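Novice: Sequence below, structure please.
(2 chains)
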Amino acid sequence: GQSLEQPSEVTAVEGAIVQINCTYQTSGFYGLSWYQQHDGGAPTFLSYNGLDGLEETGRFSSFLSRSDSYGYLLLQELQMKDSASYFCAVRGYSGAGSYQLTFGKGTKLSVIP
Amino acid sequence: DSGVTQTPKHLITATGQRVTLRCSPRSGDLSVYWYQQSLDQGLQFLIQYYNGEERAKGNILERFSAQQFPDLHSELNLSSLELGDSALYFCASSDAGARETQYFGPGTRLLVL
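Specialist: The predicted model follows:
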């Protein structure tokens, strides 16, 4: 099975940098993804790490250490619109040539002025 | 707009009833996933279909069933509804690439009274 741990809430100031950590336990690992979800909205894909290291996409970066079963999402130059829930998700093999995502419970980020 | 459509947007029904949620994936995507999201909960994977065939099952109750049709749209059937089934139900489709990014529809908000 798979399980993921991430903080339930984080508060940060507009313009600052925030890091959201995610640790996971999985029987088979094929990548770590991050999704953003605004209240009442649909999750949207942010970033993916299949290998160790840092992936950068604009103001957002994601890091993975497979040996530590750990990853994080880094948000820079925070804006008010970044207030949302952020989910890490582990991609695991579910058999018959198929993969599935197991999501963490999400981190609610509040950006304050 | 992810390109994934879901209907209806909202659904209010009574305990014991049966409802059907509908999802159309992005053009070209063969995989469809169904998720349940309860208040302040993460995304619980229910079931996956690939090109009309069931590929993976998650925490789906026996009262729930799904299918994917030849035109690749999918339906999630929820029967003998209970109060605890009230939740947001998301459908997602994936591009089956190396990252297998999932694109989520806007969701159906189900309220069981």
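
Novice: At the contact with chain B, which residues of chain A appear?
Specialist: When proximity is defined by CB under 8 Å from any CB of the partner chain, chain A lies next to chain B at A:31, A:33, A:41-45, A:48, A:50, A:87, A:89, A:91, A:94-106. Every residue, glycine included, has its C-beta placed from N, CA and C.

Novice: Would you map the helices across chain B?
Specialist: Listed in chain order, the helices found in chain B under DSSP state H amount to none.

Novice: And the longest strand seen in chain A, how far out from the chain middle?
Specialist: Across chain A, the longest stretch assigned as strand under DSSP state E is strand A:84-95. If you compare the mean C-alpha spot of strand A:84-95 with that of the full chain, they lie 8 Å apart, counting by CA atoms, centre = their mean, to the nearest Å.

Novice: Mind checking what helix or strand follows it in sequence?
Specialist: With elements assigned by DSSP states H and E, the helix or strand that comes after strand A:84-95 is strand A:98-103.

Novice: pLDDT score assigned to the residue nearest to B:Phe104 when sequence neighbours are not counted?
Specialist: Once its chain neighbours are removed from consideration, B:Phe104 has its nearest residue in A:Ala42; the separation is 4.1 Å (CB to CB, 6 or more residues apart in numbering or on different chains). Per-residue confidence at A:Ala42 stands at 96 (pLDDT).

Novice: A helix includes A:Ala42, no?
Specialist: No: under DSSP: H, G, I helix; E, B strand; the rest coil, A:Ala42 sits outside any helix and is assigned coil.

Novice: is chain A contacted by stretch B:37-50?
Specialist: Yes: for stretch B:37-50 and chain A, the contact criterion (CB under 8 Å from any CB) is met by B:Gln41, B:Gly42, B:Leu43, B:Gln44, B:Phe45, B:Gln48, B:Tyr50.
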